[in-house]
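Visitor: I'll drop the sequence and a predicted model, then ask my questions.
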Amino acid sequence: MKKIAFSALALALSSGTAFAQQNNVGCGLGSMVFDGQSGIAPQVLAATTNGTSGNQTFGITSGTLGCTQDGTVSSTVKLSMFTGSNMDKLAADMSKGQGEALETLADLMGVEAADKAAFFTATRDNFDKVFTSSNVTAEEVIANLNEVLAADAELSRYAA
Amino acid sequence: MRPLLLFVFLLSCAGLARADYLNELQAAARSAGLAGQREWLDLGHWRPNALLPGYTSLADAPGFFLAPGGKIDPEAELDATLAAFFGPGEETPTWQHPQCRFIARYAWLKERLAFDPARLPEKHCARFEAWHAAIDPRQVTLIFPAAYLNNPSSSFGHTLLRVDNTQQSEATRLYSYAINFAAETDETNGVVFAAKGLFGGYPGLFSITPYYEKVKEYNDLENRDIWEYELAFTPAETRRLLEHAWELGQVNFDYYFLSENCSYQLVALMDVARPGRHLADRFPGWAIPSDTVRATLEEEGFLRRAHYRPSNATLIRHRVAGLTPPLARLARELAADPEGEPRTRTLALAPVQAVAVTELAYDYLQYRRVDEDLPRDYVAPRALALLRLRSTLPAADAPVSPPAPAVRPDQGHGTARVALGAGARDGEGFTELRVRPAYHDLIDPQAGYAPGAQINFFDLAGRWYPDQDDFELRWFRFVDIVSLSPRDDFFQPLSWRITAAFENRAVAGDEVVFTVNGGAGGTWEWRPNVYAFAMLEADVLADDSLPKGYSLAAGPLLGVYANVGDDLNLLAGARARRYTELWTNETEVFAQAGFTLADHMALRLELRATRLEHTDLIDGGLSLHWYF
């Protein structure tokens, strides 16, 4: 079953970054232009049959598996899982300085409402420093973002 | 010895007292008739048997029942559930006490029977509480991904639930959890999948996913617009919904694509949360997602708010509509070559235009990546170059957001249809009756449906010719799909149609024959809401009355389809075919007009002129269609 296979994968990945390739979104190991489910055939199949096809889909009382507890994401990996799964949207939002994914990222990083505008501007102004290459991983993006925040007088308290 | 004896005595005393209280509760449950009450039957997913008296549960996991015959015996299950609540043990990471494992049953029985915690000690359900706290529910939202481009069968769509959390704002709905019911399988062969799925060949399971995964799946990969309906469940009902979802966590239900599907199970789950509505009863035969959405929202005030989340393709169309053709072309060129000459031209534009072109280029690149399955090596460097360029341009004032359609899918016509009509064929008068259980055709009222997408199932039409005292089957179409998706510089979908039916055919000597016919080609938007299409068609007829038992045909189809205002749909066309074995040419000209009279009623005019080798035949009529 997909779910079981995925859980095993997530478990293997949660302990290290050795498998940081484009085709996994374990606990936040994603890259830009992640090649997940794509192509017409799988889409049509999924759409017409409602088969399980998603990443990060978990059983509700599945217990503790990798980064999840009964299907909810452990708080320690929320940020990295979100980032890994939304790299394309985050990159696009940062380049504009606004957007839903960026708002959500700010929330997950604990950025207060009053500082959001500064946070958005900082990610935009430092886009090149955060998305250093097209092979950048989610983990690197978070690390780069932390560096940017640390260097910003107004936002340094949000740097992890 | 004495302390030990005392201990044993106390233990057995406690044991006796427990047995007494259990008997008392079971007797109270019986005298109150709890096992026959609707809430209990819903908690166990028992449904009355079709023919025999009694009940059978839809749940197919033995672990879901505590009594040996629990699947068919709600009363025995209730007794066994009460007994299990007295069981020993404390929760571990891999084992739950029955009070926690069946937490919704526990809550309901506790309330009905007023459990005495002194005599039935309550267990602490740490895992459920941690899960509930992680979800942090504030309200429940019903999610309906609409049909996607060029695949009318996705009109049937899917429904799932989103549990909105207390921390989330308008801008951060992405970070909530979605509860989804889906068939679980690794089958990649679509035919096998469909066949097995129709007959419940796969287990269906509830699962939980961060909502952003679902948005990605539907909005970004499948290019389906998503409708989000915020529901007015009370906090107690929301908790009950989650308690029951928890109970169903590892319980499989045979998944039947048409009947016991995602939407049916969600309705059943919502019935448990909000008792008394019995919405699942309304879908005994089949559950079409949009119908279940309509039923769910029917109760006055139950819809708090509807929110529209456009797909990437919708966003691209919206962006293109806001640009001049040369700028739209530049965006396409920029998407392919973001570091070359198109970049220079983009930078020479006024900043507002440069922003619009660059953002469109990025969205279009993402669209092409999925649509054409472009390799990452091609897409990723271009995507990054586009975003780098974007980050050097001025920040956006407000996000670009396509307006929501004026009519939501749940506000469209009902999917079942009955029609009564009258007309003449070759000068001979007739009255006609048509019945169609699902779903939508091109002439039906368009509001709330995807334009150019038709999918009919089991459409039946019969005629009565009073002068000849003759009843005649016109057609029984099992499936009848048409997809007219316009092509333009950004999107190049194929248009297609397919029908499988028993049909009365003039070319076969007015006999009912079995036919499979279809076609493929292109559609172009000629002017707003007016589409021209061209297809090459093929037709297979099979019947004993045919010279060799079969006949094959091929030929062109040309047509025009138009939505005029909100209430008038027109379809007209001409086709020509040559039939083998019969060695006959058939040409046909047809026109149909549908006029929406009221919410659930439409008038339809149809004309068809057919020319066979030496005969002309004119068939036309007027019919009234009711939707429900």
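Guide: Everything's here; your move. Numbers count the residues shown, from 1 in each chain, chains lettered A, B, ... in the order given.

Visitor: which helices and strands does the helix or strand that B:Thr431 is a member of pack with?
Guide: Here B:Thr431, judged by DSSP states H and E, is contained in strand B:428-436. Counting contacts by 3 or more C-beta pairs under 8 Å, 6 or more residues apart in numbering or on different chains; DSSP states H and E, strand B:428-436 is packed against strand B:417-425, strand B:453-465, strand B:616-627. Any C-beta I mention is one placed from the backbone N, CA and C, and that applies to glycine too.

Visitor: Is the helix or strand hosting B:Leu109 positioned near chain A?
Guide: Taking DSSP H and E as the criterion, B:Leu109 maps to helix B:103-113. No: counting by C-beta under 8 Å from any C-beta of the partner chain, chain A has no neighbours in helix B:103-113; the shortest distance is 10.3 Å.

Visitor: what comes into contact with that helix?
Guide: Residues outside helix B:103-113 that contact it (C-beta atoms under 8 Å, 6 or more residues apart in numbering or on different chains) are B:25, B:28-29, B:32, B:34, B:39-40, B:43, B:78, B:81-82, B:85, B:98-100, B:115, B:125, B:128, B:240, B:243-244, B:246-247, B:272.

Visitor: and the residues you listed near chain A, which?
Guide: Okay, of those touching chain A (C-beta under 8 Å from any C-beta), that's B:Trp246.

Visitor: For PyMOL, write the select line for the buried members of the contacts of helix B:103-113.
Guide: To isolate the buried members of those in PyMOL, using 16 or more other C-beta atoms under 10 Å in any protein chain shown:
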select buried, chain B and resi 25+29+34+39+40+43+78+81+82+85+98+99+100+115+125+128+240+243+244+246+247+272
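
Visitor: Name all residues that make contact with the closest residue to A:Ser133 other than its chain neighbours.
Guide: With sequence-adjacent residues excluded and distances taken as C-beta to C-beta, 6 or more residues apart in numbering or on different chains, A:Ser133 is closest to B:Leu384, at 7.2 Å. Counting by C-beta under 8 Å, 6+ apart, B:Leu384 makes contact with A:Met32, A:Ala91, A:Phe131, A:Ser133, A:Ser134.

Visitor: Correct me if wrong, but B:Leu384 is in a helix.
Guide: Yes: applying DSSP: H, G, I helix; E, B strand; the rest coil, one finds B:Leu384 inside a helix.

Visitor: about what we covered before: of the helices and strands packed on strand B:428-436, which stretch is the most buried?
Guide: strand B:453-465 (a mean of 19; mean count of other C-beta atoms under 10 Å in any protein chain shown).

Visitor: Need the residues that contact the helix or strand following it.
Guide: Past strand B:453-465, further along toward the C-terminus, the next helix or strand under DSSP H and E is strand B:470-483. With contacts defined as C-beta under 8 Å, 6+ apart, strand B:470-483 is touched by B:150-153, B:432, B:441-442, B:452-465, B:493, B:495-504, B:512.

Visitor: what stretches of chain A score poorly on pLDDT?
Guide: Where chain A drops to pLDDT under 70, the residues are A:1-56, A:65-66.

Visitor: those helices in it, which residues are they?
Guide: Secondary structure of chain A by DSSP state H: the helices cover A:2-14, A:40-49, A:78-85, A:87-96, A:100-108, A:116-125, A:127-130, A:138-150.

Visitor: can you list the domains in chain A?
Guide: According to automatic domain parsing, chain A is divided into the following domains: A:2-62, A:76-158.

Visitor: okay, how far is it across the longest one, tip to tip?
Guide: Looking at domain A:76-158, the gap from its leading to its trailing residue is 15 Å under the measure C-alpha to C-alpha, to the nearest Å.

Visitor: ok, back up a step: so which of the contacts of helix B:103-113 are in strands?
Guide: Applying DSSP state E to these, no entry is found in strands.

Visitor: Drop everything from the contacts of helix B:103-113 that is not in helices and list the rest.
Guide: Per DSSP H, the subset of the contacts of helix B:103-113 in helices is B:25, B:28-29, B:32, B:39-40, B:43, B:78, B:81-82, B:85, B:98-100, B:128, B:240, B:243-244, B:246-247, B:272.

Visitor: mind putting the helices of chain A in JSON lines, mean neighbour count included?
Guide: As requested, the helices of chain A are exported to JSON lines (neighbours: other C-beta atoms under 10 Å in any protein chain shown):
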{"stretch": "helix A:2-14", "mean neighbour count": "16"}
{"stretch": "helix A:40-49", "mean neighbour count": "19"}
{"stretch": "helix A:78-85", "mean neighbour count": "24"}
{"stretch": "helix A:87-96", "mean neighbour count": "25"}
{"stretch": "helix A:100-108", "mean neighbour count": "23"}
{"stretch": "helix A:116-125", "mean neighbour count": "19"}
{"stretch": "helix A:127-130", "mean neighbour count": "18"}
{"stretch": "helix A:138-150", "mean neighbour count": "19"}
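
Visitor: In contact with B:Ala232, which residues?
Guide: Counted by C-beta under 8 Å, 6+ apart, B:Ala232 has contacts B:Gln139, B:Gly301, B:Phe302, B:Leu303, B:Arg304.

Visitor: Could you report the distance from it to chain A?
Guide: Between B:Ala232 and chain A the distance is 24 Å, computed by C-beta to the nearest C-beta, to the nearest Å.

Visitor: Repeat that for B:Leu66.
Guide: Separation of B:Leu66 from chain A (C-beta to the nearest C-beta) stands at 16 Å.

Visitor: Count the neighbours of that residue for me.
Guide: Look at B:Leu66: counted by other C-beta atoms under 10 Å in any protein chain shown, it has 21 neighbours.

Visitor: Give me the pLDDT value at it.
Guide: The model reports B:Leu66 with a pLDDT of 96.

Visitor: Could you look up the SS state of it?
Guide: At B:Leu66, secondary structure determined by three-state DSSP is coil.

Visitor: nearest residue to it other than its sequence neighbours?
Guide: According to C-beta to C-beta, 6+ apart, the nearest residue to B:Leu66 is B:Ala80 (3.9 Å).

Visitor: any idea how far chain A is from B:Tyr362?
Guide: Applying C-beta to the nearest C-beta, the value for B:Tyr362 to chain A is 6 Å.

Visitor: can you tell me the helix or strand for that residue?
Guide: Per DSSP H and E: B:Tyr362 is located in helix B:351-371.

Visitor: ok, back up a step: how about the helices of chain A, which one is nearest B:Gly285?
Guide: Closest to B:Gly285 of the helices of chain A, according to C-beta to C-beta: helix A:40-49, at 19.2 Å.

Visitor: Out of the contacts of B:Leu384, flag the one nearest to B:Pro235.
Guide: Using C-beta to C-beta, the contacts of B:Leu384 come closest to B:Pro235 at A:Ala91, 38.1 Å.

Visitor: Surely the closest one is in contact with B:Leu386?
Guide: No: assessed by C-beta atoms under 8 Å, A:Ala91 is found out of contact with B:Leu386, at 9.6 Å.

Visitor: Common neighbours of the two, please.
Guide: Between them, A:Ala91 and B:Leu386 share no contacting residue, judged by C-beta under 8 Å, 6+ apart.

Visitor: which residues sit in contact with B:Ala32?
Guide: Residues near B:Ala32 by C-beta under 8 Å, 6+ apart: B:Arg112, B:Leu113.

Visitor: The same query, at a cut-off of 7 Å, please.
Guide: Under the criterion of C-beta atoms under 7 Å, 6 or more residues apart in numbering or on different chains, the neighbours of B:Ala32 are B:Arg112.
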